[in-house]
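>>> Here's my sequence, what's the structure:
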Amino acid sequence: MSDLPPADTCAPARWIPLAAARPAMSPAWRRWVGSRDSLTLRLTEAGAPRPFRVRLLDQRLGTPRRDEARALDIGPGQRAWLREVALCLGERPWVVARSVAPLAGLPEHELARLGERSLGSWLFRQPDLERGDIEVTSAPAGFHDAHGPWGRRSVFRHGDFRVLVQEWFLDAMADDLGLPSR
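Model (predicted):
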């Protein structure tokens, strides 16, 4: 599907709790990084009138990185559903995201049909959705040559299904919205 390196060749980011990063984060970035609502909806509203679109970079079964397996509390080497996308306004990527879900509890029929729709468009329609704590990093995404000031991740749960969603806010987004460098 893409020329991205396999997940296990990407350098892992160092993730810390959101509260620990707050002193280094501007109020403008805290509103983006710390939001617990739908990033898809927030991007759509902030980027109007440019159309929001999802560019599917990769979707496959594979092995999560060690830090991802730990976040999901799965054994090392256990296979999972992996999905990487760019969230774009017009043709310009503002966010790159990587989602990892254990195969146990995977609603495969739902996720296989996502295509170029955001995972959030499905997740936030689930009535029993629970979102875990947000962790942040200032390390680059490690794929798709993505550079930006902040990344965040959290685990979402819906019944037996759980997914680690990691999102990196790109320099293009900061430029287009006039956000500070940090």
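>>> Buried ones in the helix or strand bottoming out on mean pLDDT in the chain, by neighbour count?
Least confident helix or strand, the chain: helix 108-112 with a mean of 79, by mean pLDDT, DSSP states H and E. If you call a residue buried by 16 or more other CB atoms under 10 Å, then helix 108-112 has these buried ones: residue 111. (Each C-beta comes from the backbone N, C-alpha and C, glycine too.)
>>> And for stretch 168-177?
For stretch 168-177, a neighbour-count test (16+ other CB under 10 Å) marks 168-170, 172-174, 176 as buried.
>>> Do a quick rundown of the strands in the protein.
With DSSP state E, the ranges of strands along the chain come out as 16-17, 52-62, 80-89, 92-102, 130-131, 135-137, 150-158, 161-169.
>>> With distance to residue 180 added, can I get those in JSON lines?
Listed next are the strands of the chain as JSON lines, based on distance: least, CB to CB, whole Å:
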{"stretch": "strand 16-17", "distance to residue 180": "20"}
{"stretch": "strand 52-62", "distance to residue 180": "23"}
{"stretch": "strand 80-89", "distance to residue 180": "19"}
{"stretch": "strand 92-102", "distance to residue 180": "16"}
{"stretch": "strand 130-131", "distance to residue 180": "26"}
{"stretch": "strand 135-137", "distance to residue 180": "16"}
{"stretch": "strand 150-158", "distance to residue 180": "11"}
{"stretch": "strand 161-169", "distance to residue 180": "12"}
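>>> quick one: residue 102 and residue 78, what's the gap?
Distance from residue 102 to residue 78, counting by CB to CB, to the nearest Å: 7 Å.
>>> who has more neighbours, those two?
Using other CB atoms under 10 Å, the more surrounded residue of residue 102 and residue 78 is residue 102, with 21 against 13.
>>> Does anything pack onto the least confident helix or strand of the chain? Which helices or strands?
Packing contacts for helix 108-112, counted by 3 or more CB pairs under 8 Å, 6 or more residues apart in numbering; DSSP states H and E, involve strand 80-89, helix 119-123.
>>> hey, which of the ones you listed is tucked in deepest?
The highest average neighbour count among the helices and strands packed on helix 108-112, using mean count of other CB atoms under 10 Å, belongs to strand 80-89 at a mean of 22.
>>> Run me through the strand neighbours of it, direction for each.
strand 52-62 (antiparallel), strand 92-102 (antiparallel) (DSSP bridges).
>>> Tell me which of the buried residues of stretch 168-177 fall in helices.
Counted as lying in helices by DSSP state H, out of the buried residues of stretch 168-177, are 172-174, 176.
>>> Which single one of the residues you listed is nearest to residue 23?
Residue 23 has its nearest neighbour among these in residue 174, at 19.1 Å by CB to CB.
>>> Thank you kindly, that will do.
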